[in-house]
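> sequence plus predicted model, see below.
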Amino acid sequence: MSDTPETHSKFIGYILWIFGFTGSHRFYFGKPISGTIWLFTGGLFLIGWIIDVFLIPGMARNADRRFVAGSLDYSLAWIFLTFLGPLGIHRFYLGKWGTGIVYLLTAGLLGIGVIYDFWTLNSQVSALNQSKARA
């Protein structure tokens, strides 16, 4: 067993993998470049999507080592972003009420803000967890 706290659930990874042709599981595990490629190529023409079913445990371990565990749950933030991103629910969860309201009123800044959050959500949660740990 590892002493590294779990930040990213394999179970949630597999749930997002079902929508893997969108790259959502790759974004979740902190791989925004390949997540974007999967998004624009349908999971790398479904071949990468099928291969990823075997790669998820390793991606989860790597994410656990890269990101800071804390009171904010990565999985919950990612569920909110993936399924309710244009409503800004993930931003409200992170305590970012101002941008949450902006997202709610503008459909996630017309989707551009949601894409930005797909790229940066892990870092946002990690930074907030780290700042709360220092306080």
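Ah, there it is. Numbers count the residues shown, from 1 in each chain.
> break the chain into its domains for me.
Domain assignment for the chain by automatic domain parsing gives 8-66, 69-135.
> and those as TSV, adding mean pLDDT and mean neighbour count?
(Glycine included, C-beta is placed from N, CA and C.) Below are the domains of the chain laid out as TSV (pLDDT from 0 to 100; neighbours: other Cβ atoms under 10 Å):
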stretch	mean pLDDT	mean neighbour count
domain 8-66	95	18
domain 69-135	96	17
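> which residues touch stretch 6-19?
Stretch 6-19 has contacts (Cβ atoms under 8 Å, 6 or more residues apart in numbering) with 24-25, 28-30, 49, 52-53, 56-57, 59-60, 63-64, 67-69, 74-75, 78-79, 82.
> ok, stretch 120-129 next?
In contact with stretch 120-129 (Cβ under 8 Å, 6+ apart) are residues 27-28, 30, 32, 63, 66-72, 74, 77-78, 81, 90, 94-95, 117.
> mind listing what the residue sitting nearest the centre point of the chain touches?
Central residue of the chain (Cα atoms, centre = their mean): Y28, 3.2 Å from the mean position. Counting by Cβ under 8 Å, 6+ apart, Y28 touches H8, I12, G13, L16, A63, Y74, W78, T82, N122.
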